[in-house]
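K.L.:
pasting the structure only:
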């Protein structure tokens, strides 16, 4: 049902934009048909590429997915700009504020508008791609008022929603790992969607090797996100495990006899017929006098962590909207859709992620790597 709704919206956006583009390019001759053909190829590239990915791991599928991913971002901004243009034209119908030159030569005005709209949308997408490639490091100094064995402080690096796959390749992962290592972490946490759907076979060994380059004395821990399930959860967990990443599925581990890391299965596990333990069940035999750090990909039911005495919860999933104006909708869905938050004695950080889903473009948020300098009692 979700896919049907998304595909319907996608087709409606394209129908509206292409229809208005066809009207705006009248009088261009053969160029008009060429423009229409190019648009139809881009419209179909994403769904065809995604279908091919499931049946064959070929370069053609990866190329189509990449072209289609950029086009998804382009069509969103073409739609918004064309809609704004139509609203302005409707206003002119009643108020007549357009200059005479537009009314005297409507064909020229239509051609100018077509290329102007296309140029503005393309610039927005290019700017969003540049933004997506340059994550910032956000640093927080937090305190947990508990003793952690002999440990007085801990530097945690959190990198959520990397989305390794046919768009985010090993070269991108290399850059992220280098940024993480430069921060000299004690502990690295990956709160889900580290893998997008699946890792292309010819990229898998390179990505595994790159994950192994992360340097953290207390290890690298992850939980599954919804996207790990879409591509086959066991296979994706295996990739992460080969990269020396410990994936926690509804279990807790004690680190350095000082603190516990608790990892929950993603909510998507329920849709795939798996059981998902309650947080209280996972914590049943855990000494709550030690600091408790929870990884839970989707930031729903945040009150559970507070009720169970969790000291710090780290989540991702939201991308803080990723593409404007989706970030405005995002704010309405989640109790806390992005950033630091405190409820009772529990501290939360919901990251907008370091990678992207779908279009490798960010216009509604800035990608981030989170550095938490944690001190204990």
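P.N.:
Structure's in. What do you need? Fair warning: this is a prediction, and the values are worked out from it, not measured in the lab.
K.L.:
how close does residue 71 sit to residue 65?
P.N.:
Using C-beta to C-beta, to the nearest Å, residue 71 is found at 11 Å from residue 65. No exception for glycine: its C-beta is placed from N, CA and C like everyone else's.
K.L.:
now for these two: what residues contact both?
P.N.:
Listed as contacting both residue 71 and residue 65 by C-beta atoms under 8 Å, 6 or more residues apart in numbering are 45-46.
K.L.:
where does pLDDT dip in the protein?
P.N.:
57 (pLDDT under 70).
K.L.:
domains for it, by residue range?
P.N.:
Domain segmentation of the chain under automatic domain parsing yields 2-131, 136-376.
K.L.:
contact partners for residue 92?
P.N.:
residue 98.
K.L.:
so which of the domains of the chain is the most packed in?
P.N.:
Among these, domain 136-376 has the highest mean neighbour count (mean count of other C-beta atoms under 10 Å), at a mean of 19.
K.L.:
what about that domain, start to end distance?
P.N.:
26 Å (C-alpha to C-alpha, to the nearest Å).
K.L.:
surely residue 277 meets residue 250?
P.N.:
Yes: in terms of C-beta atoms under 8 Å, residue 277 counts as a neighbour of residue 250; the distance is 4.3 Å.
K.L.:
quickly list what's touching both of these two.
P.N.:
264-265.
K.L.:
now do the helices in the chain.
P.N.:
In the chain, the helices defined using DSSP state H lie at 2-24, 30-55, 59-95, 100-104, 106-132, 170-182, 201-211, 226-230, 233-242, 268-271, 279-282, 303-307, 326-333.
K.L.:
nearest to residue 370, out of those?
P.N.:
Of all the helices of the chain, it is helix 170-182 that lies closest to residue 370, at 10.6 Å by C-beta to C-beta.
K.L.:
which strands and helices lie in contact with that closest one?
P.N.:
Counting by 3 or more C-beta pairs under 8 Å, 6 or more residues apart in numbering; DSSP states H and E, the packing neighbours recorded for helix 170-182 are helix 201-211, strand 368-376.
K.L.:
mind redoing it with 7 Å?
P.N.:
Using 3 or more C-beta pairs under 7 Å, 6 or more residues apart in numbering; DSSP states H and E, the elements in contact with helix 170-182 are helix 201-211.
K.L.:
the helix it packs on vs helix 233-242, what angle?
P.N.:
40 degrees (axes from the mean of the first three to the mean of the last three C-alpha atoms, to 10 degrees).
K.L.:
now tell me what touches helix 201-211 from outside.
P.N.:
With C-beta atoms under 7 Å, 6 or more residues apart in numbering as the test, helix 201-211 has contacts from 57, 164, 169-170, 173-174, 177, 199, 239, 242-245.
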